[in-house]
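In: here is my input; please provide its structure:
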Amino acid sequence: MRPSRPVAAGLLIDMDGVLRRWDPRVPVSVEERYGLPVGTLRRTAFAPSRVTPAVTGQISHADWMNGVAEAIGEPAAVTEWETYRGEADPEVLEFVREVRAAGIRVGLATNATDRLDADLALLGLVGELDEVINSSIVGFAKPAASYFAAACARLGVPPRECLFVDDSERFVNGARAAGLSAFRWTGPSDLPYLRAALGLTTVSPPPK
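Out: Numbers count the residues shown, from 1 in each chain. Sure thing, here's the model as predicted:
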């Protein structure tokens, strides 16, 4: 019988889809104005051949967007789309503050470009986290084991004692394979369970 895991001593939390939320109507409205099929912007931008170099630091955010604009043929649409930078989820931000107040270190674990620092400033998140582990700085992106090793090292918490929260099942599985506890985020209704996992409260696991 395996020994039970200790209560998590560190939290790694994803940016997009967890700490930052996006209004899905924004890209749709841009696409409609420029006569683009719905989904064109995200599908083009997040094609692996385009996004991977950007989130591993091989090209800049600007170069990434230039490539998207060239592929779509509507540079103004891309500029308008990327002007919108989402918003911090207030419930998640309050949770992060609560966790840190309890003496638990919190790191932002995100696949991001060199624009991340500017986004954190724009969203009022500077100083809200103990560490920011940006894949474009690390040189490895989730779900690579090397990314999670670097994230835990930066946080100063062994993988076994670290809880990772992400809305991507693929990234959650990658974190588990790297030895972390991991939870797939579905929304603020998950917060009571996460508080319990960090020893802040006691609650039954959410239904699966």
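
In: domain-wise, how is the protein divided?
Out: Domain segmentation of the chain under automatic domain parsing yields 10-21+87-197, 25-83.

In: next, count neighbours for Ser136.
Out: A count of nearby residues for Ser136, using other C-beta atoms under 10 Å, gives 23. Just so you know, the C-beta spots here come from the backbone N, C-alpha and C atoms, and that holds for glycine as well.

In: right, and it touches Leu116 too?
Out: Yes - Ser136 is within contact range of Leu116, at 7.4 Å (criterion: C-beta atoms under 8 Å).

In: residue ranges with poor pLDDT in this structure?
Out: By pLDDT under 70, the weakly predicted segments of the chain are 1-6, 202-208.

In: and the strands in it?
Out: For the chain, applying DSSP state E gives strands covering 10-13, 20-21, 87-88, 105-110, 131-134, 162-166, 181-184.

In: mind putting those strands into CSV with mean neighbour count and distance to Ile72?
Out: Output for the strands of the chain, formatted as CSV (neighbours: other C-beta atoms under 10 Å; distance: least, C-beta to C-beta, whole Å):
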stretch, mean neighbour count, distance to Ile72
strand 10-13, 26, 32
strand 20-21, 18, 24
strand 87-88, 16, 25
strand 105-110, 25, 25
strand 131-134, 21, 26
strand 162-166, 26, 28
strand 181-184, 19, 31
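
In: would you turn those strands into JSON lines with distance to Ala76?
Out: Listed next are the strands of the chain as JSON lines, based on distance: least, C-beta to C-beta, whole Å:
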{"stretch": "strand 10-13", "distance to Ala76": "34"}
{"stretch": "strand 20-21", "distance to Ala76": "24"}
{"stretch": "strand 87-88", "distance to Ala76": "24"}
{"stretch": "strand 105-110", "distance to Ala76": "28"}
{"stretch": "strand 131-134", "distance to Ala76": "28"}
{"stretch": "strand 162-166", "distance to Ala76": "33"}
{"stretch": "strand 181-184", "distance to Ala76": "37"}
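
In: so which of the ones you listed gets nearest Asn66?
Out: Closest approach to Asn66 among the strands of the chain is made by strand 131-134 (20.5 Å; C-beta to C-beta).
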